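> Predicted model and sequence follow; I will ask about them next.
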Amino acid sequence: MTQSNQSGPRDVAAHEHVANTSAGQVARFEEEALSLGRRIHRFFHANPTAAPALVLVASVLVFMLLVGERFLAPFNLSLVLQQVTIIGTLGIAQTLIILTMGIDLSVGAIMVLASVVMGRMAIDFGLPPSLALAIGLLTGAVCGLLNGTLVTRLKLPPFIATLGTWNIFFALNLWYSKSEAIRSQDIEATAPLLQWGGTAFELFGARFTYGSILMIVMFCAVWYALNWTAWGRHVYATGDDKDAAELAGIRTRRVLLSVYIVAGVICAIAAWLLIGRTGSVSPQAGYTANLDSITAVVIGGTSLFGGRGSIFGTLIGALIVGVFRNGLALAGVDVLWQEFTVGMLIIVAVTTDQWIRRTSA
């Protein structure tokens, strides 16, 4: 009797079952065979704020052991929040730029120029404080518009464009202010609204300022915009792959221009908080603010290559810098070594980002 070579329905079903079972077993085996380093890599790739959050918790624990109760005192912890208010606010603006695969070296210059405009409009020209504040915000928007135009219309690299405007804005600042500061007493007597950000209140032994609360509110607002609006998705898409975003119908030039304008307005808000923090207006302030804002963003896990990062990571990054500087100061460490530590943090953060971005670990 000749055996048939044809397979019946049961045989086919059996073969398919065996194939599916084998594929599932192979997939499970590959998952189980992943090394610990590969699993850690995948976790941090999916959760960009996890690494800076762990660093923040670890640094708090270390300084708690080194310094003791002074570090964990409610007043000292709230002092850390006050100290990072300006850098954290500028970090919001810097994060938006870096998410689009750019960088803004002029954020500090925009902040100082806007603060000088606010102060002079209210004190020297006698305008109502609210109007002076509005003109300062408009100044920030115009500066951001200039940066965005250079990047989108003239196709200049963001680094070069903002390096040039950084010098231009500081020169305008010195010219407009005549290199003269505005005293705290004059602002308090004429335009107390400009010092609103420095107004403090106590809660459970901690001392908070309205400026710090406004900074946190701004982080929440920008987080919502980035994660729950079409504009935010376009920002991520533009930074991740500009060409692909354009093929998908996203007007990347318009997105970039809007990002720089929004960043300029945020820098002007930081100028308002700076006046509240210091009580006065100084044209010499903020020369290193641009570098400090980049530090907060990088340590917070936002990739310098764009398209990846979280706005709350920047807040964590700013807090890490604040905790290290505060803890080292309480431990009696010289300012020189405080800056050395921050520099090491930047190198470690960028190295970690490079590792996380790799497709294989």
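That came in fine, so what should we check first?
> All the helices of the stretch 1-150 of the chain, in order from the start?
9-32, 36-46, 50-67, 69-72, 74-83, 85-99, 107-123, 129-152 (DSSP state H, counting those that start in this stretch).
> worst average pLDDT in the ones you listed?
Comparing mean pLDDT across those, the weakest is helix 9-32, with a mean of 50.
> follow-up on the earlier one: to I182, which of the helices of the stretch 1-150 of the chain lies closest?
With Cβ to Cβ, the closest approach to I182 among those belongs to helix 107-123: 4.4 Å. Every residue, glycine included, has its C-beta placed from N, CA and C.
> What helices and strands are in contact with that closest one?
With contacts defined as 3 or more Cβ pairs under 8 Å, 6 or more residues apart in numbering; DSSP states H and E, helix 107-123 has these neighbours: helix 85-99, helix 129-152, helix 158-177, helix 184-190, helix 252-278, helix 289-299.
> tally of neighbours for the closest residue to L99 other than its chain neighbours?
In this structure, L99 finds its nearest non-sequential neighbour in G239, 4.7 Å apart by Cβ to Cβ, 6 or more residues apart in numbering. Neighbour count for G239, taken as other Cβ atoms under 10 Å: 27.
> Equivalent analysis for F312, please.
Neighbour tally, F312, other Cβ under 10 Å: 18.
> So which bits of the host helix or strand of it are buried?
Using DSSP states H and E, F312 falls within helix 311-330. Of all the residues in helix 311-330, those buried under the rule 16 or more other Cβ atoms under 10 Å are 311-328, 330.
> who does it touch, helix- and strand-wise?
helix 50-67, helix 69-72, helix 74-83, helix 85-99, helix 210-228, helix 289-299, helix 335-357.
> tell me the angle of it relative to helix 85-99?
Counting by axes from the mean of the first three to the mean of the last three Cα atoms, to 10 degrees, helix 311-330 lies at 140 degrees to helix 85-99.
> Report the mean confidence score over helix 311-330.
Per-residue scores along helix 311-330 average to 90.
> And stretch 268-282, by the same measure?
94.
> what separates that stretch from the chain centre, distance-wise?
Computed by Cα atoms, centre = their mean, to the nearest Å, the separation of stretch 268-282 from the middle of its chain amounts to 19 Å.
> Buried residues, it. List them.
Of the residues in stretch 268-282, those buried (16+ other Cβ under 10 Å) are 268-278, 280-282.
> circling back: what residues of the helix or strand containing the residue nearest to L99 count as buried?
In this assignment (DSSP H and E), G239 forms part of helix 230-240. For helix 230-240, the neighbour count (16+ other Cβ under 10 Å) marks G232, H234, V235, Y236, A237, T238, G239, D240 as buried.
> elements contacting that helix?
Here helix 230-240 touches helix 85-99, helix 210-228, helix 242-247, helix 252-278, going by 3+ Cβ pairs under 8 Å, 6+ apart.
> One more pass at 6 Å, please.
helix 252-278 (3 or more Cβ pairs under 6 Å, 6 or more residues apart in numbering; DSSP states H and E).
> Just want the angle from the helix it packs on to helix 107-123.
When the same axes, to 10 degrees is applied, the directions of helix 252-278 and helix 107-123 differ by 60 degrees.
> Check the offset of helix 252-278 from the chain's centre.
Centroid displacement of helix 252-278 relative to its chain, using Cα atoms, centre = their mean, is 12 Å.
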